[in-house]
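> Mind looking at a prediction? Sequence and model below.
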Amino acid sequence: MLVLVALLALVSWSTPLDSAAEERVDSMLTRALVTFATARALDGVISVLQSGQVGAQVGVGMSIQPGELLDPVNDLVEQFSDVMLAVTVALGVHKVLLSIGGYWMVPIALSVVAALLVVTGMRGGWPRWLSQAFVLLLLVRFAVPVATVGADALFARFLASEYESSQQVLDAIEGRSAEAAAPPAAETDEGLVASFRRMLSEGDGLRERAAAIGDAADRIAEHVSNLIVVFVLQTIAFPVVLLWLLWQVARRQLAPPE
């Protein structure tokens, strides 16, 4: 036990775990920012499509309003943007907690307590408050890095493929939707909404355009939901569960003997 205490105090000065945790947080933050940008782009494109398509008339006695198909998914995309903003804030807090755990005073305090444990242990035993202080300092030093690395490992094992496929689909949909919403280059002077309404009034390929938008709405809803699940699990659920497990282990050490 004394050797283990000394080794833990020595490891607290090592930085590989901190570096690995910081790299994983930066990677998560990059993914979150990319997805957040996609969500904002989708929100803007959907708004353009809705405003440009409502009220378009085709032929005699027939009107098609594909923009109405996008009302539910527009609400979902707006909520998705809010979720991604919360995720980026959570990751920023995560980085601050990593910095606190790696601050030079924490290893110093841990080393001092470890030295006291070794000295008192060699004399026959240590007071319980000293071992409790040591366990609490271990949590401050290692809990967040361990939870970060563990959460990233769970993401790589169970969520990475889902994230990549959903992100690629949304990027593709956003690109195609942007092309559908944008007027031809020669017609930009008349305004985006007016130009798009004029294109709709011509009727050529409108049904195909409406079908494509409806299909895109269904796929957006599906993959946005998938990404919400991925980011909530990776940045909130997994770290919280791992921290809870570490706390339960520490609690057993802190509990008074029966």
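Okay, I see it.

> mean confidence for the helix or strand hosting D152?
Secondary-structure assignment from DSSP states H and E places D152 in helix 128-154. Averaging pLDDT along helix 128-154 yields 92.

> now for that helix, which elements pack on it?
Judged by 3 or more C-beta pairs under 8 Å, 6 or more residues apart in numbering; DSSP states H and E, helix 128-154 is in contact with helix 16-53, helix 71-101, helix 105-122, helix 238-254. Glycine gets a C-beta too; all of them are placed from N, C-alpha and C.

> In that helix, which residues are buried?
Residues of helix 128-154 classed as buried by neighbour count (16 or more other C-beta atoms under 10 Å): 131-152, 154.

> Take the helices and strands packed on helix 128-154 and write them to JSON lines, including mean pLDDT, distance to E174 and mean neighbour count.
Formatted as JSON lines, the helices and strands packed on helix 128-154 follow (pLDDT from 0 to 100; distance: least, C-beta to C-beta, whole Å; neighbours: other C-beta atoms under 10 Å):
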{"stretch": "helix 16-53", "mean pLDDT": "85", "distance to E174": "5", "mean neighbour count": "19"}
{"stretch": "helix 71-101", "mean pLDDT": "90", "distance to E174": "10", "mean neighbour count": "17"}
{"stretch": "helix 105-122", "mean pLDDT": "92", "distance to E174": "44", "mean neighbour count": "16"}
{"stretch": "helix 238-254", "mean pLDDT": "89", "distance to E174": "28", "mean neighbour count": "15"}
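
> Quick one, which of these gets closest to L8.
helix 105-122 (6.9 Å; C-beta to C-beta).

> The closest one vs helix 128-154, what angle?
130 degrees (axes from the mean of the first three to the mean of the last three C-alpha atoms, to 10 degrees).

> Alpha carbons of helix 105-122, as CSV, please.
Extracted as CSV, the C-alpha positions of helix 105-122 are listed here (Å, rounded to 0.1, in the frame of the first residue of the first chain):
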residue,chain,number,x,y,z
MET,A,105,-0.5,22.9,-6.8
VAL,A,106,-2.5,19.7,-7.0
PRO,A,107,0.5,17.4,-7.5
ILE,A,108,2.3,19.2,-4.8
ALA,A,109,-0.6,18.8,-2.3
LEU,A,110,-0.9,15.1,-3.4
SER,A,111,2.8,14.5,-2.9
VAL,A,112,2.8,16.1,0.5
VAL,A,113,-0.1,14.0,1.7
ALA,A,114,1.5,10.9,0.2
ALA,A,115,4.7,11.6,2.0
LEU,A,116,2.8,11.9,5.3
LEU,A,117,1.0,8.7,4.5
VAL,A,118,4.3,6.9,3.9
VAL,A,119,5.9,8.3,7.1
THR,A,120,2.9,7.5,9.4
GLY,A,121,2.4,4.2,7.7
MET,A,122,6.0,3.1,8.4
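
> Next, the angle from that helix to helix 71-101.
50 degrees.

> which residues touch helix 105-122?
Outside helix 105-122, the residues that touch it by C-beta atoms under 8 Å, 6 or more residues apart in numbering are 1-2, 5-6, 8-9, 12-13, 100, 126-127, 130-131, 133-134, 137-138, 140-141.
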